[in-house]
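1. return a 3D structure for these sequence lines:
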Amino acid sequence: MSLLYYLPPEILLIIFDLCDIYTLLQLRRVCKNFDVISTEILNKKSNHLLATNQISKKFRERCKPLLSTYRSKFVTHYNWQWERFGKKNIFPLQTNFIKELRGTTMNENCLKMTRNTIWLYDKNKLLAFNRAKNGNISRKNVIRATCDRQFSSIAYCNDIIISGHVDGSIRHWRIESLNNINNIQQLKVHSNVYDEYVSNIEVTSQHIISSSSNLIKLQKNTFENNAEEKETIYWKGRKLIRSISLNPTEKKVAASAEQWFLIYDINKNCQVMDKCIDGNTCYQLLWQDTHTILMLYESYIKQMDTSYIRYSNFRTSKFVRTWDASVLDNIWCDLSRNLLSLRSDYLYTFMTGTEDNTVILWDQRLSKFINTFCINSDINSNDPVFFVEFDSTHIYAITNQLGVVELDFQLGYYSASRTYFRTYFSQFT
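-> Numbers count the residues shown, from 1 in each chain. Purely as a prediction, here's the structure:
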């Protein structure tokens, strides 16, 4: 019997950690002991891949094809890194964004991605695209609903879409089947929540948190009529609230307005932080974990650590990382450097849409971007990417000229030969 069988697991872990992925996959077949140790090393390596991690529950909730094998994880990582994808235009938009992008205070289009559905609103229409088993969507599978008030924001919770509208109302929607035909049914209307459009909306199973231009409100997420008017005003008097984002525990909400930043504790009904943190305006917030927030500025992204230290009742926070899009170089297109949208997998990977037809792929462990994906095939086209959504295998984006675009990163690379996989997997040590 080989001496390897007599080595303690701690030594085998060190040895196996030096092996490439192809070798580890072969070692799994040797015996049960090797299978356990190889699997532990493979898990560690696969958890650090691009856009394929499915550690975060929040991220898995929008992943249709879960990557269940090491082969699928590492090949998909290859596709992300080397820009291997299939692209198709899904749906043209009825309305276009105005040219004064940073002056836009109301979104006429928006995407929301779930495991089974891609939601989209286009002015006064709400659309749902059913996702196939492989995660793709088709224009033929669209379900439509029309509202008498224009949409201005949407959120998703427990198979319910909560929408904000230009008249200040908030509405509930759900896909329902009748005689084998799917329809989007309006379930409830919270009228007169605001005197103007609802610019942002976040939802938990208990609460609806929404904002207008200079006001944030909280109300119960319920279908009971007598509970509709229960509201709490959070933040009043600040200029033009740009974004709000919920803590993963759903106990706190963050908001940005001009140079100001707010964190509010929903359970305790008190402000945790309200201060000027930067001389520039944060256009979008994305709460990564209980202590980390990604903040999108015009040409860079910052990572904030919200842990605070109390000195004489004064609470502080700090920026721990910055990714600068103004220094990007790309051989295929001249990036405008201005960023419009932000989405994350709640671990390492995040993406930004730009004013110049591009989605940028970032890794939080690195200071530079990983890759760029031109959405419009016309590289001379200045077609802004206003919204971007992604899961382990797909990107969905909205642009002015193309509308909704799908990028599929799982096409054509699972049937490669054993020689190809041996060569490819040997890169991962």
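2. any idea which residue sits dead centre in the chain?
-> Most central in the chain under C-alpha atoms, centre = their mean is R343, positioned 3.3 Å from the mean C-alpha point.
3. bridging residues for it?
-> Beta-bridge pairing for R343 (DSSP bridges): M351.
4. state the mean pLDDT of the helix or strand containing I208.
-> Assessed by DSSP states H and E, I208 sits inside strand 207-211. What strand 207-211 shows for mean pLDDT is 90.
5. mind listing what the helix or strand following it pairs with, with the direction of each?
-> For strand 207-211, the following helix or strand on the C-terminal side (DSSP H and E) is strand 215-220. Here strand 215-220 is paired, per DSSP bridges, with strand 207-211 (antiparallel), strand 231-236 (antiparallel).
6. chain center to strand 215-220: distance?
-> 23 Å (C-alpha atoms, centre = their mean, to the nearest Å).
7. before we move on, what about stretch 38-49?
-> In terms of C-alpha atoms, centre = their mean, the centre of stretch 38-49 is set 24 Å apart from its chain centre.
8. so for that stretch, what gets flagged as buried?
-> S38, E40, I41, L42, K45, S46, L49 (16 or more other C-beta atoms under 10 Å). C-beta here means a position set from N, CA and C on the backbone, and glycine is covered the same way.
9. same question for stretch 118-131.
-> Across stretch 118-131, burial judged by 16+ other C-beta under 10 Å covers I118, W119, L120, Y121, D122, N124, K125, L126, L127, A128, F129, R131.
10. any idea which element L24 lies in?
-> Short version, using DSSP H and E: L24 is in helix 21-27.
11. now that helix: buried residues?
-> Those buried within helix 21-27 under the rule 16+ other C-beta under 10 Å are I21, Y22, T23, L24, L25, L27.
12. what mean pLDDT does stretch 21-29 have?
-> On average, stretch 21-29 scores 83.
13. so S392 touches C63, yeah?
-> Yes. S392 is within contact range of C63, at 4.9 Å (criterion: C-beta atoms under 8 Å).
14. so between those two, which is more surrounded?
-> Remark: of S392 and C63, S392 carries more neighbours, 28 against 22, as counted by other C-beta atoms under 10 Å.
15. can you tell me how far that one sits from L66?
-> 7 Å (C-beta to C-beta, to the nearest Å).
16. which residues are in contact with each of these two?
-> Q54 (C-beta atoms under 8 Å, 6 or more residues apart in numbering).
17. what about the helices in the stretch 51-200 of the chain?
-> 57-60, 70-81 (DSSP state H, counting those that start in this stretch).
18. okay if I get those as CSV plus distance to Q284, mean neighbour count and mean pLDDT?
-> Formatted as CSV, those follow (distance: least, C-beta to C-beta, whole Å; neighbours: other C-beta atoms under 10 Å; pLDDT from 0 to 100):
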stretch, distance to Q284, mean neighbour count, mean pLDDT
helix 57-60, 17, 14, 88
helix 70-81, 22, 20, 84
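19. tabulate the ones you listed (CSV), appending distance to H190.
-> Formatted as CSV, the helices of the stretch 51-200 of the chain follow (distance: least, C-beta to C-beta, whole Å):
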stretch, distance to H190
helix 57-60, 25
helix 70-81, 40
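20. where does pLDDT dip in the protein?
-> Residues of the chain meeting the criterion pLDDT under 70: 1-5, 95-108, 178-180, 224-239, 308-317, 327-337, 379-381, 411-429.
21. got the angle for whichever helix in the chain runs longest vs helix 70-81?
-> The longest helix of the chain (DSSP state H) is helix 32-46. Taking axes from the mean of the first three to the mean of the last three C-alpha atoms, to 10 degrees, one finds helix 32-46 and helix 70-81 inclined to each other by 20 degrees.
22. contacts only, for the residue nearest to the centre of the chain.
-> Counted by C-beta under 8 Å, 6+ apart, R343 has contacts L286, F350, M351, V388, E389, F390.
23. 7 Å instead, please
-> Contacts for R343 were tallied using C-beta atoms under 7 Å, 6 or more residues apart in numbering; they are F350, M351, V388, E389, F390.
24. repeat for W362
-> W362 is in contact with W323, F350, M351, T352, F369, I370, counting by C-beta under 7 Å, 6+ apart.
25. mind running it again at 8 Å?
-> For W362, the contact set (C-beta under 8 Å, 6+ apart) comprises I301, W323, T349, F350, M351, T352, F369, I370.
26. do the same with R28
-> F34, D35, S38, T39, L42.
27. got it, and I301?
-> Taking C-beta under 8 Å, 6+ apart, we find I301 in contact with L294, M295, T322, W323, A325, L339, L342, F350, T352, W362.
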